[in-house]
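Peer 1: I'd like to go over a predicted model; first the sequence, then the structure.
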Amino acid sequence: MPQASLRLSASLSPTPVSSHQKLPPLPCLTTPLSLRLSLRLSSRLGFTRRRGFLSKDFTLKCRRPEYFEPQKFTPPADNSFNGQSSGLSGRVYVGHSIFKGKAALTIEPKAPEFTALESGACKVVKDGSILLQFAPAVGTRQYDWNRKQVFSLSVAEIGALMSLGMKDTCEFYHDPFKGRSEEGKIRKVLKVEPLPDGSGYFFNLSVSNRPLNIDDSIYIPVTKAEFAVIVSAFNFILPYLLGWHAFAESIRPVDTSQLTNANQRRGAELEWGR
């Protein structure tokens, strides 16, 4: 603990005292901040009577309390303060799966694509999507993921699924070669329709791939509860697929007082010009 030493010479009494009179006790020094001062008499201090005044030399030592020490905050080693787990890496993979007797369905979000501009900003060049993966069953709770078929839902198609009523049907058609000479060689049709008993929906994916001689159809029933989970996940992730989270994080507060002062100065200049 740092200490400051100060040698002072002072008169303790403004009135004459006799040689046999006892020295009054040292006063207790206090401050508004309740600093405790330690006064120590030097070993060579002497009391002399000079012209009716009692003089002495003493040393004042001040100890600074811990209140004035700069306190540095060190976050916990396990990063529990910022809510992050030390085991997580920079990229996180998530998905939601539904397993049934005939097939399994896995739902995964795909992030949007950004491009950098010359100004240093960035913009979304391609919206994110939801990837549906259908795998046929080959046994009890066993699925052949090597034969899986995939279907990518666009933002508009996600909205169509989210707005489905219990008696509504929707159908999506994809052709990766649409508008090209290879159009029609690969076709994917995803049809979602209500179950006969009204307990949920049928998700049916039909794939026709002429170059690979594949003609496959995989369907899986989805209950009301399972569909509610899907819709809730879509509701949460949709703004992120549009890249709006990046825009929200880039918003910074603006000092409106500076703008107001600038406008006032500009108004004064215009008024003076008149």
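Peer 2: Nice, thanks for sending it over. Numbers count the residues shown, from 1 in each chain.

Peer 1: ok, residue 172 touching residue 153?
Peer 2: Yes. With contact defined as CB atoms under 8 Å, residue 172 counts as touching residue 153 (7.4 Å). Any C-beta I mention is one placed from the backbone N, CA and C, and that applies to glycine too.

Peer 1: more crowded one of the two?
Peer 2: Of the pair residue 172 and residue 153, residue 153 is the one with more neighbours under other CB atoms under 10 Å, namely 22 against 18.

Peer 1: from residue 111, how far off is that one?
Peer 2: For residue 153, the distance to residue 111 (CB to CB, to the nearest Å) stands at 14 Å.

Peer 1: cool, and residue 243?
Peer 2: The separation that residue 243 has from residue 111, given CB to CB, amounts to 9 Å.

Peer 1: what of residue 143?
Peer 2: Residue 143 is 26 Å from residue 111, where distance means CB to CB.

Peer 1: between these two, which is the more surrounded one?
Peer 2: Comparing residue 143 with residue 111 by other CB under 10 Å, the one with more neighbours is residue 143, at 21 against 14.

Peer 1: so who does the more buried one touch?
Peer 2: 99, 103, 104, 135, 136, 137 (CB atoms under 8 Å, 6 or more residues apart in numbering).

Peer 1: just the buried ones out of those residues, please.
Peer 2: Buried by 16 or more other CB atoms under 10 Å: 103, 104, 135, 136, 137, out of those.

Peer 1: so which residues of this structure form helices?
Peer 2: Secondary structure of the chain by DSSP state H: the helices cover 155-162, 224-241, 244-250, 256-273.

Peer 1: keeping just the C-alphas, turn the third one into PDB.
Peer 2: Once side chains and other backbone atoms are set aside, the C-alpha atoms of helix 244-250 remain, and they are given as PDB (Å, rounded to 0.1, in the frame of the first residue of the first chain):
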ATOM      1  CA  TRP A 244     -32.600  -7.700 -41.000                       C
ATOM      2  CA  HIS A 245     -30.700  -8.700 -37.800                       C
ATOM      3  CA  ALA A 246     -27.500  -7.300 -39.400                       C
ATOM      4  CA  PHE A 247     -29.300  -4.000 -40.100                       C
ATOM      5  CA  ALA A 248     -30.600  -3.800 -36.600                       C
ATOM      6  CA  GLU A 249     -27.100  -4.400 -35.100                       C
ATOM      7  CA  SER A 250     -25.700  -1.600 -37.400                       C
END
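
Peer 1: what mean pLDDT does it have?
Peer 2: The average pLDDT within helix 244-250 is 89.

Peer 1: same check on the last one?
Peer 2: When pLDDT is averaged along helix 256-273, the result is 61.

Peer 1: circling back: what touches both of residue 243 and residue 111?
Peer 2: Counting by CB under 8 Å, 6+ apart, the residues touching both residue 243 and residue 111 are residue 128.

Peer 1: mind checking how far the closest residue to residue 124 other than its chain neighbours is from residue 118?
Peer 2: Among residues not flanking residue 124 along the chain, residue 243 sits closest, at 3.9 Å (CB to CB, 6 or more residues apart in numbering). Separation of residue 243 from residue 118 (CB to CB) stands at 19 Å.

Peer 1: okay, those two: which has more neighbours?
Peer 2: Using other CB under 10 Å as the criterion, residue 243 and residue 118 rank with residue 243 on top: 20 against 5.
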